[in-house]
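# Structure of the sequence below:
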Amino acid sequence: MKKGLSGVMAIVVLIGYLFFSGVADAGTVSFAGYSMEINGTAAETGGVLRLTTAGGGQAGSAFIDTPFMLDAHSSFSTFFQFRISGGNGSGGADGLAFILHNSPAGIDALGATGGGLGYMGIPNSFAVEFDTWTNSGYSDPNSNHIGIDVSGSVTSLATYSAPPDLNSGSPLYAWIDYNGITHLLEVYISNTSVKPDSPVISQVIDIYSFVGSQAYAGFSAGTGGLANVHDIEDLSFTGPAACTPPPSGMVSWWRAEDNALDFIGANDGTLMNGATYAVGMVNEAFSFDGVNDYVQIGARPDLVMTNTLTVDAWIYPTGPGSSIHGGIIVNKEGEYEMARYPDGTIQWAFANTVPGWTWINTGYVAPQNQWTHIALVYDAGTVSTYANGNLVHTYIGAGSIGDVQPAENDFRIGGRQVGDQFFRGLIDEVEIFNRALSGNEIAAIFNAGPEGKCVPVLTVNLDMPTGGTVKGGGISCPALTCIEEYSPGTSVILTATAKNSYKFRGWSGCDVPLRNKCTMKMTEAKEVTANFTGIYNIAGKVVNQTGLPMPNVTVTLESVAGGGGLPPDFVVSEAIVADISRLVVTDIYGKYKFTQLPNGSYKVTPGDVGFTFTPPNQKVTILDANVPGVNFRLMY
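Residues are numbered from 1 along each chain as shown. A predicted model of the protein is given here:
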C-alpha cells in the first residue's frame, strides 16, 4: 500500500487519492476467453488486462460479466498470471487484488485508489490482496505481502510475508483454491508456471457468509502517491460445479428437502423415532441420532432388484453407529444393504450365491465429520464400490439377488428391520437405480457436489401481475413470478385467466401453446411468460379554430407498431389480430371514443373532405391507465 504520510500532507493524499470509488463503468472487453466489464482506469491492451497505468491516484477493476451462484458448500479455483512493473519500479505502489463480490454495483464495482487497491469499499465481498506497500493504518506487515480481505476492508484477516518479490517487474503466477465443504482457502504463488506443492496461506473461512448467494469474479488495483503498472496476463477461473442430469434407470430418489418423499417414484418415506433434517450436502439431509432413528419406506415391490442395482448417497457420519456393526446407510432387509462400521469402513451384503448374505469389508474408510459420496453397484454378481467418484473396491461374485428373510422386506434409510444398527450423522440424496451405473455417471454425481442432480424448475412470469392468474401443475400464480420443481419428464398444463378488465394476449416460451392453455414437458429448467393486456379507451373532441365542436367528422385509429404496440419479438397466439384499425364518426358535440383497446401505441387522425387538421394526427401510447382526450382543431 501507499507510503504513510503525516500531518497535512496525509490529509491531502487521502482526499486526492483514497475516495475515488463507487461505480465507474468503462466498457466491456474480451480477455483470456472471458467477457469482462472494465471500470476506472482498467483497459485491455495487447492481450493484457491492464488495471492501472504508471500514473498516480488511480483505481481500476475488471469483472467477468456473468455472476456464478454460491451456497454454503460451493467451491471454486482460479489461476492467473500477473505482473507489477513500471512507474516507480521496485519502490512503486500499491498492489492488486483478486475479488469475489455481490455488491449492488455488480460488474461496475470499483473501490478506493491507493492503499484501497481498487477494492476498499466494495461490500459483500472477499479478496486476496497482493500488496506492495506498507500502510500501518491497515496493519500491513511490510511492503511485500499477500492478505485475505473481506467486506471491502483492506485490513487483512491473514497475511503471508516474503513471497516472491511482487514488485519485481517479472511475471508471477498465483493459484487460489477454495473447498466449500471444508471451507479451506489455499493460496499459492510462484515465479514459474508450475504450481507449488504447498500453499503460502491456508485459512478456514466461510466465503458464502461474506459474499452471499451469487458472486462476480475479477480483479482490482490501485495507485496513490507512488505508482506501478498492474497487469493481469492470463486467467483461468472455475466456479462451482453445475448440477448434473439424473442418470436413467432411477427408481427412487429421496432428496430429504424437509420431507421424506420419493421425488422420482411413489416410495414415500416416514421419519421414525425423532429423525429430522439438517443442512446437507445438497440443501437439506436426513439427520439421525444413532440411537433408534431411521426413515421407514416399507416393503415396496419396485425396490426388489435381481441382476443389476445401483444405490448411492452422501453421508456425514458423526459417530460410530449403534452397534458393533456400525450404522446402516441403506437396507432392503434380507436382500441388499450398505453400512459404515465403527472403524469407518464401508461394508455391504447381498443375498446372492457368492458371497451370500454376509458383510464384505471394502477397506475404504469414510471419515467422521466429513461428507463422502458412496455408490454401490451390483452387476450380475460383480460388486463395485465407489467413494467420491473413484472406484475403491471390486468383488467378483455370482448369482442374482435373492431374499434370505422373506418375512421381513422393509426398505429403510439409517436403520434396518432386523437388529440394532442405526446410523449416527447425516444422510443425503439417497437413490436407487435398476441398472448398473458407469464410473463416469457416478463421478458426475460426485463432481456436482452441492449442486446435486438437476431438478427441472418451471418459472412462470406474469407480464402484468394485476392482469390475471396462471394455475396448473402445482402453480398458483397471482404474483409477478412463481417457481415450481418437477420430477424429470413431468407434463404440466398451465391455464391463464384474465381479470380486472384485462385480456390474455398469449404465451412466451411455451412448449405447446393453445389459446390460454400451455403444456410444458419438464425435462430441464424452463421459463414461460403469460402476457396480459389492459382494456382501455381513447376519447376526444374535434373542434374548429374557434373551439366549436365539429359533428360528423370521421376519426381513424391505427396501431403504430402492430398488435396494439406489442414488443416486436412477441409472438401472438392464433386468436390475436396483428393490427388494429378502426373508424368512428363524431357526434353532434364533436366527440369520439375508441373502446376495448389493449395497451400499446396508436395514431388518431380526424379527416373531412376539404379540410385539414393541425396537427394532422396524434400519437397516443397506452400503458396501464386510461388516456385522456385527444383534441384537434380545424384549419381552413
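# those helices in the chain, which residues are they?
Secondary structure of the chain, counting by DSSP state H: helices at 7-13, 207-211, 439-448.
# Quick one: list the elements packing against the second one.
What it means is helix 207-211. In this structure, helix 207-211 packs against strand 95-101, strand 125-131, with contacts taken as 3 or more C-beta pairs under 8 Å, 6 or more residues apart in numbering; DSSP states H and E. Bear in mind the C-beta positions are built from the backbone N, C-alpha and C, glycine included.
# Point out the other helices and strands that the first one packs with.
Going back to what we said before, that points to strand 95-101. Judged by 3+ C-beta pairs under 8 Å, 6+ apart, the packing partners of strand 95-101 are strand 59-64, strand 76-85, strand 125-131, helix 207-211, strand 214-222, strand 229-238.
# Pull up the pairing partners for that strand, direction included.
When sheet partners are counted by DSSP bridges, strand 95-101 sits next to strand 125-131 (antiparallel), strand 214-222 (antiparallel).
# quick one, which of those is nearest to Asn369?
strand 125-131 (24.7 Å; C-beta to C-beta).
# Buried residues, the closest one. List them.
Residues of strand 125-131 classed as buried: 125-131 (neighbour count, 16 or more other C-beta atoms under 10 Å).
# With stretch 212-227 instead?
Judged by neighbour count using 16+ other C-beta under 10 Å, the buried positions of stretch 212-227 are 214-227.
# In the stretch 351-500 of the chain, where is pLDDT below threshold?
Screening the stretch 351-500 of the chain residue by residue with the criterion pLDDT under 70, one finds no matching range.
# Least confident secondary structure element in the chain?
The weakest-scoring helix or strand in the chain, judged by mean pLDDT, DSSP states H and E, is helix 7-13 (a mean of 29).
# Name the nearest residue to Met69, sequence neighbours excluded.
The shortest distance from Met69 to any non-neighbouring residue, by C-beta to C-beta, 6 or more residues apart in numbering, is to Gln214 (5.5 Å).
# ok, the one you found - contacts?
By C-beta atoms under 8 Å, 6 or more residues apart in numbering, Gln214 lies in contact with 67-70, 102.
# Show me the one of the helices and strands packed on strand 95-101 that comes nearest Ile538.
Nearest to Ile538 among those is strand 214-222 (44.1 Å), distances taken as C-beta to C-beta.
# relative orientation of that closest one and strand 76-85 in degrees?
Relative orientation of strand 214-222 with respect to strand 76-85: 10 degrees, computed using axes from the mean of the first three to the mean of the last three C-alpha atoms, to 10 degrees.
# and strand 214-222, what's its mean pLDDT?
Per-residue pLDDT over strand 214-222 has a mean of 95.
# Can I get that strand as PDB, trimmed to CA atoms?
Included here for strand 214-222 are C-alpha records, laid out as PDB according to Å, rounded to 0.1, in the frame of the first residue of the first chain:
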ATOM      1  CA  GLN A 214     -24.000 -15.100  -6.100                       C
ATOM      2  CA  ALA A 215     -20.600 -13.600  -6.900                       C
ATOM      3  CA  TYR A 216     -18.800 -11.700  -9.600                       C
ATOM      4  CA  ALA A 217     -15.200 -12.700 -10.100                       C
ATOM      5  CA  GLY A 218     -12.400 -10.400 -11.100                       C
ATOM      6  CA  PHE A 219      -9.600  -8.100 -10.200                       C
ATOM      7  CA  SER A 220      -8.800  -4.600  -8.900                       C
ATOM      8  CA  ALA A 221      -5.700  -2.500  -8.400                       C
ATOM      9  CA  GLY A 222      -4.800   0.900  -7.100                       C
END
